[in-house]
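Undergrad: here's my sequence, what's the structure:
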Amino acid sequence: MATTKVDIGLIDTTGTASSSTFLRGDGAWQAAGGFTQAAQQATTSGTAKDFTGIPAGVKMIVVGFSDVSLDSTDELLIQLGDAGGFETSGYLDKSGRIGVGGYVTGAGFLLKAASASEISSGQMILTLQDAATYHWSSQHGFASDYAVAGGGRKLLSAELTQVRFTVDGSGDFDAGSVSLMYM
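TA: Prediction:
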């Protein structure tokens, strides 16, 4: 089979061709898929880091955190939100240190930490299970003084638009950073 190049002007298209787009079957140019990276936030102070403006139709979110530390014995928590704000109840999850008992909470997806100044690095993956009921599931794994793993689920009241990385208690962040990407 001979290979020929078709002049783009001969194809009936909409949009603009570029090195980061592809031509769909309907003749429209579309940006290539993949994750969108939100701006990284330092966790060197404060109690919460919010990622807002997540667009409609997102089906997977990865929250990554690196060298996060707290100035107290509080836990790390991830809360989901929609246009009405962050939801602070109705989460079902379990998180625990490997070889140590689990923990159940209702205020958010818990990331089981241990003690003040303990450094934690890892990720939580959130996936949309049912778009009609806004059902999200979570799984996480990270390392601190222990290996930590867990998972859970949350049914939101509307479509997800924001994610909060926060402290479950009265302490503050004192080191590290958090990032978020979605698709």
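
Undergrad: what about D93, neighbour count?
TA: 23 (other C-beta atoms under 10 Å). (Each C-beta comes from the backbone N, C-alpha and C, glycine too.)

Undergrad: which residues touch the closest residue to H135 other than its chain neighbours?
TA: Closest residue in space to H135, ignoring its immediate chain neighbours: Q129 at 4.4 Å, by C-beta to C-beta, 6 or more residues apart in numbering. Applying C-beta atoms under 8 Å, 6 or more residues apart in numbering to Q129 gives the contacts 135-137, 153.

Undergrad: quick one, what contacts the closest residue to Q162 other than its chain neighbours?
TA: In space, Q162 comes closest to G81 once its chain neighbours are excluded; the distance is 4.0 Å by C-beta to C-beta, 6+ apart. By C-beta under 8 Å, 6+ apart, G81 lies in contact with 87, 156, 160-164.

Undergrad: so the residue nearest to H135: helix, strand or coil?
TA: strand (DSSP: H, G, I helix; E, B strand; the rest coil).

Undergrad: low-confidence ranges in the chain?
TA: Along the chain, segments meeting pLDDT under 70 span 1-2, 6, 8-10, 99-105, 112-115.

Undergrad: run through the helices of it in chain order.
TA: Here the chain has no helices by DSSP state H.

Undergrad: domains of it?
TA: Following automatic domain parsing, one gets these domains for the chain: 1-32, 36-182.

Undergrad: measure the spatially closest residue to A175 that is not a sequence neighbour to K94 for me?
TA: In this structure, A175 finds its nearest non-sequential neighbour in S69, 3.9 Å apart by C-beta to C-beta, 6+ apart. To K94, S69 is 23 Å away according to C-beta to C-beta, to the nearest Å.

Undergrad: from memory L156 sits against S137, does it?
TA: No - proximity of L156 to S137 does not meet the contact threshold set by C-beta atoms under 8 Å, at 12.0 Å.

Undergrad: show the contacting residues for S121.
TA: S121 touches 65-68, 142-144, 176, counting by C-beta under 8 Å, 6+ apart.

Undergrad: now the residues you listed as TSV including neighbour count?
TA: Below are the contacts of S121 laid out as TSV (neighbours: other C-beta atoms under 10 Å):
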residue	neighbour count
F65	25
S66	17
D67	11
V68	26
F142	23
A143	11
S144	20
G176	18
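
Undergrad: could I get these as TSV with distance to K5?
TA: Below are these laid out as TSV (distance: C-beta to C-beta, whole Å):
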residue	distance to K5
F65	47
S66	46
D67	50
V68	51
F142	49
A143	51
S144	55
G176	50
